[in-house]
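Asker: sequence and predicted structure, then a few things I'm wondering about:
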Amino acid sequence: MAELPLYNAPIVGGDVLAYCSKCQGEFSHIVVSMIGKRPAKVVCKMCKGQHNFKRASDTRAKSVTKSSTSAPRKTVVLAADYWEEQIAKKKGKPMKAYSPKQVFLKDDVIDHSAFGVGIVEEVKLSGKILVIFRGGEKLLVHSMN
Ligand SMILES: [Zn+2]
């Protein structure tokens, strides 16, 4: 947001555009003190109140990030679709009951007591397997001694 060069670089005793919470807007203020190049305390010319220097953009910044609440649900639906597709392909394949000691291979069908039926998507080097369950992917341990 470009601003009109109405105000020069702020100096103590000079004018600066600042947000006043009493007047609820950006108005001309007199700089009382500075920290570096930024005004610290300012006096509002409208209400004569002294307060910390603030821009309107400082007060709005917090309420902007509020639009990503519906995304996770979609992921679950897609995971379930993918799971059903994979299960259909594995029809007739014997299921292995999940146990951390059991050794699993890619494409093995797992029967997990908590997550249900899953398919081994990937065997990791670290003794873990990536399994697709209806509710999404899970990383499980296997071949534990
Ligand atoms: Zn004011």
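Answerer: Yep, that arrived.
Asker: would you say L78 is within a helix?
Answerer: Yes: counting by DSSP: H, G, I helix; E, B strand; the rest coil, L78 falls inside a helix.
Asker: mind listing the strands for this protein?
Answerer: Counting by DSSP state E, the segments of the chain that form strands are 15-20, 25-35, 38-44, 50-52, 95-97, 109-112, 116-123, 128-133, 136-141.
Asker: which one, of these, ends up nearest to A79?
Answerer: Nearest of these to A79, taken as C-beta to C-beta: strand 136-141 at 4.4 Å. (Glycine included, C-beta is placed from N, CA and C.)
Asker: CA atoms only: put that closest one into PDB for me.
Answerer: Taking Å, rounded to 0.1, in the frame of the first residue of the first chain, the C-alpha atoms of strand 136-141 are listed here in PDB:
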ATOM      1  CA  GLY A 136      -5.700 -42.000   6.000                       C
ATOM      2  CA  GLU A 137      -2.100 -43.000   6.100                       C
ATOM      3  CA  LYS A 138      -0.300 -44.300   9.100                       C
ATOM      4  CA  LEU A 139       3.400 -45.000   9.800                       C
ATOM      5  CA  LEU A 140       3.700 -48.200  11.800                       C
ATOM      6  CA  VAL A 141       6.600 -50.200  13.100                       C
END
